[in-house]
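K.L.:
kindly generate the corresponding structure for this input.
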Amino acid sequence: MNRFKSPRGVFFLFLIVVIILIAYYSVSMRGKRNDSEQVELTAVQDVLLRDLERNYPQTPKEVVKYYSELVKCLYNETYSEEELVQLANKIKSLYDDELAANKDDESYLKDLRSETTAFKESNYKISSYTTSASTDVEDFWEDGYECARLYCTFHVRTGAFIQYIEEVFVLRKDGDGHWKIYGWKQVDNGAGQ
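P.N.:
I've put the predicted structure just below:
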């Protein structure tokens, strides 16, 4: 005789199904609890996590985009002194050796602190930025170096007012094949105000 046909057998079958459902629910909820317990990274921590030794930006546009993310964090976010130093070091690691050699680390940090403090005290905020389309990146050779020129427009907000600051970047390829920021300047086109 089949034991699941008796009331006692149906009860045991029901009990086994309930135990399996409870076990499944317990395991699935534990996974959800662990997901919700994970600490969210700040924008600064997120941008600092990029390992430039293993994951250096491949194109001039990607270099300028990463630089812009760093600058946006630097001028918009709250961070510790240690994170300020890390942001400054990340930015300098995107610079061409000639550009990086223009200031020692101490002067660079002092100037950066001063600029960011003045920017924040004026209630400015970089709301976003836009880089040139990949097809608009101008490649050229100068003094034996492969170079690239592209534009980045920073959208700076203060209250309801938005100002568009356009900068032209020149990058050149180093001996390791990495695009490095050789310099930049603000474009004076009279627009955006």
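
K.L.:
contacts and neighbour counts: CA atoms only from here.
P.N.:
Noted.

K.L.:
what is the burial count for the closest residue in space to residue 149 that isn't next to it in sequence?
P.N.:
Of all residues not flanking residue 149 in the chain, residue 170 sits nearest, at 4.6 Å (CA to CA, 6 or more residues apart in numbering). Counted with other CA atoms under 10 Å, residues neighbouring residue 170 total 21.

K.L.:
right, and residue 170 touches residue 184 too?
P.N.:
Yes. Counting by CA atoms under 8 Å, residue 170 touches residue 184, with 6.0 Å between them.

K.L.:
got the buried residues for stretch 46-64?
P.N.:
In terms of neighbour count (16 or more other CA atoms under 10 Å), stretch 46-64 has its buried residues at 47, 48, 56, 57, 59, 60, 61, 63, 64.

K.L.:
scratch that, stretch 115-126
P.N.:
For stretch 115-126, the neighbour count (16+ other CA under 10 Å) marks 116, 124, 125, 126 as buried.

K.L.:
hmm, back to that, is the residue nearest to residue 149 in a bridge, and if so with what?
P.N.:
In this entry, residue 170 is beta-bridged to residue 149, residue 183, by DSSP bridges.

K.L.:
got the confidence number for it?
P.N.:
At residue 170, the pLDDT value in this model is 97.

K.L.:
ok, now how distant is it from residue 137?
P.N.:
Residue 170 is 10 Å from residue 137, where distance means CA to CA, to the nearest Å.

K.L.:
which strand or helix spans the residue nearest the centre of the chain?
P.N.:
For the chain, the residue nearest the mean C-alpha position is residue 47 (3.7 Å; CA atoms, centre = their mean). Using DSSP states H and E, residue 47 falls within helix 43-48.

K.L.:
cool, residue 89 as well?
P.N.:
helix 81-93.

K.L.:
in the helix or strand following that helix, what's buried?
P.N.:
Where DSSP H and E defines the elements, the next helix or strand beyond helix 81-93 is helix 97-100. For helix 97-100, burial by neighbour count (16+ other CA under 10 Å) applies to residue 100.

K.L.:
list the helices and strands whichever helix or strand comes after helix 97-100 packs on?
P.N.:
Using DSSP H and E, the helix or strand that directly follows helix 97-100 along the chain is helix 105-121. Applying 3 or more CA pairs under 8 Å, 6 or more residues apart in numbering; DSSP states H and E, we find helix 105-121 packed against helix 60-76, helix 81-93.

K.L.:
looking at those helices, which is buried most?
P.N.:
helix 60-76 (a mean of 20; mean count of other CA atoms under 10 Å).

K.L.:
please report how far the nearest residue to residue 99 once chain neighbours are set aside lies from residue 167.
P.N.:
Spatial nearest neighbour of residue 99, chain neighbours left out: residue 182 (6.0 Å); criterion: CA to CA, 6+ apart. According to CA to CA, residue 182 stands 13 Å off from residue 167.
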